[in-house]
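In: need a 3D model of the sequence below.
(one chain, ligands or ions: 1)
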Amino acid sequence: MAMLAPRPSILSVEPYVGGESKLPGVNRIIKLSSNEGAFGPPPGAVAAIQRMATEAHRYPDGGSKALREAIGARFGLDPARIVCGNGSDEILGLLILAYGGEGTEIVMSAHGFLMYDITGRWAGCRIIKVPERDLTADVDGLIAACGPRTKLVFLANPNNPTGSILPQAEVDRLRAALRSDIMLVLDSAYAEYVDRPDYDAGARLVDATGNTVMTRTFSKIFGLGGMRVGWGYAPAEVVDVLNRVRGPFNVNAAAMEAAVAALAEPGWVEKNVAHNAEWRLKVTEALTATGIKVWPSQGNFVLADFGTADRAKAADAHLKSRGLIVRMMGAYGLPSCLRITIGTAEENGLLTEALGAFMAGIRG
Ligand SMILES: *Cc1c(COP(=O)(O)O)cnc(C)c1O
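Out: Residues are numbered from 1 along each chain as shown. From the prediction side, this is the model:
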């Protein structure tokens, strides 16, 4: 008897494994594996979630109107051109659902964010990964990889997990060189952490072209990963398409209120940016001093390169024995690396101390 089978591309996807959060036998866990932000959720967001508990029987506003207006006011964008999602992952998936599919191709950088690859396979797209230069997206390579079936090019800028960023002129050059019927998706999940004066998170290119989309998230600097809220800013035609393919209540009511409150939290972004800049530098310097190569990062994490996969594995085991959880990078094609989220001052101190001891052990 023939068994029911999914579309073949579905079985090419490995089930997603998130950052670990538990270690058997270890009491105090320090989780630096998912770039969640050092300070937890903003207090105003916590209050909003509590407030919404008694409204849990009500369906949310399917149009996310209050949230879109708050985002628009904060970033100077037209709320009508914003679509909110259950995390920015949902927006990425909706774009692929609407514009990709069987017989189409997605172009991305070799060590780009994995959800483009995973979601693309769900939809049956062929995924083309373009080799990088110094763990940075190669614009000429991305342009050259596009063929007649290419519908979408994804660029995380800054990129996770490498932390690398393309100069704005390179992003502009990429858009200008892509055919007009190819959508460029600029994933700016880490935009707030960037300290480049010329950086544009994507809104300018979205406005200047009819085929560019910017995605953003509340999961990183706004500390709301567990609530699942992200958004896209897109041309009106693309917004119309996204509103046709999204679920009618795709962002839940507590998440919406929490996100609005996070935007209103006084000094939150400034505090997080300052803390991250200080500790990204300190962690980089401390690890470099022990002999670990640290790739330059514009995000709230660093990519530590141990030279070999065996050494990265041993370092990970050493950290785990001390309750420190970071992210192994084999799935990203970077088996000699660990991605380490910037945590609180105390957490960062424990992390650098543990890796210092590990490296001293190797030197004997
Ligand atoms: C974390 C992350 C996202 C996804 O965030 P959501 O939680 O789905 O909003 C998207 N892109 C990159 C590059 C990320 O690192």
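In: please list all residues in contact with the closest residue to the ligand within the stretch 1-150 of the chain.
Out: Here the stretch 1-150 of the chain gets closest to the ligand at one residue, Gly87, 2.7 Å apart by C-beta to the nearest ligand atom. (C-beta placed from N, C-alpha, C; glycine too.) Counting by C-beta atoms under 8 Å, 6 or more residues apart in numbering, Gly87 touches 217, 219, 228-230.
In: tell me which parts of the chain are close to the ligand?
Out: 87-89, 113, 156, 160, 187, 189, 217, 219, 225, 230 (C-beta under 6 Å from any ligand atom).
In: keep only those of those that are in helices.
Out: Among the residues of the chain next to the ligand, the members found in helices (DSSP state H) are 88-89.
In: sorry, back to before: can you tell me which of the contacts of Gly87 is nearest Ile106?
Out: Gly230 (18.8 Å; C-beta to C-beta).
In: Ile127 falls within a strand, correct?
Out: Yes. Under DSSP: H, G, I helix; E, B strand; the rest coil, Ile127 falls within a strand.
In: run through the bridge partners of it.
Out: Using DSSP bridges, the beta-bridge partners of Ile127 come out as Ile106.
In: what number of residues lie near it?
Out: 19 (other C-beta atoms under 10 Å).
In: so what's it up against?
Out: By C-beta under 8 Å, 6+ apart, the residues touching Ile127 are 105-106, 108, 116-117, 120-121.
In: and it, how far is that from Tyr16?
Out: 15 Å (C-beta to C-beta, to the nearest Å).
In: how about Arg51, secondary structure?
Out: Under three-state DSSP, Arg51 comes out as helix.
In: just give the nearest non-adjacent residue to it, would you?
Out: Closest residue to Arg51 apart from its sequence neighbours, by C-beta to C-beta, 6 or more residues apart in numbering: Glu257 at 7.0 Å.
In: then Gly100?
Out: Cys125 (4.4 Å).
In: contacts only, for the closest residue to Gln168 other than its chain neighbours.
Out: Spatial nearest neighbour of Gln168, excluding adjacent residues (C-beta to C-beta, 6+ apart): Asp198 at 4.4 Å. By C-beta under 8 Å, 6+ apart, the contact set of Asp198 is 167-169.
In: among these, name the buried ones.
Out: Neighbour-count burial (16 or more other C-beta atoms under 10 Å) is assigned, among the contacts of Asp198, to Gln168.
In: can you add secondary structure and give the contacts of Asp198 back as JSON lines?
Out: Formatted as JSON lines, those follow (three-state DSSP):
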{"residue": "Pro167", "secondary structure": "coil"}
{"residue": "Gln168", "secondary structure": "helix"}
{"residue": "Ala169", "secondary structure": "helix"}
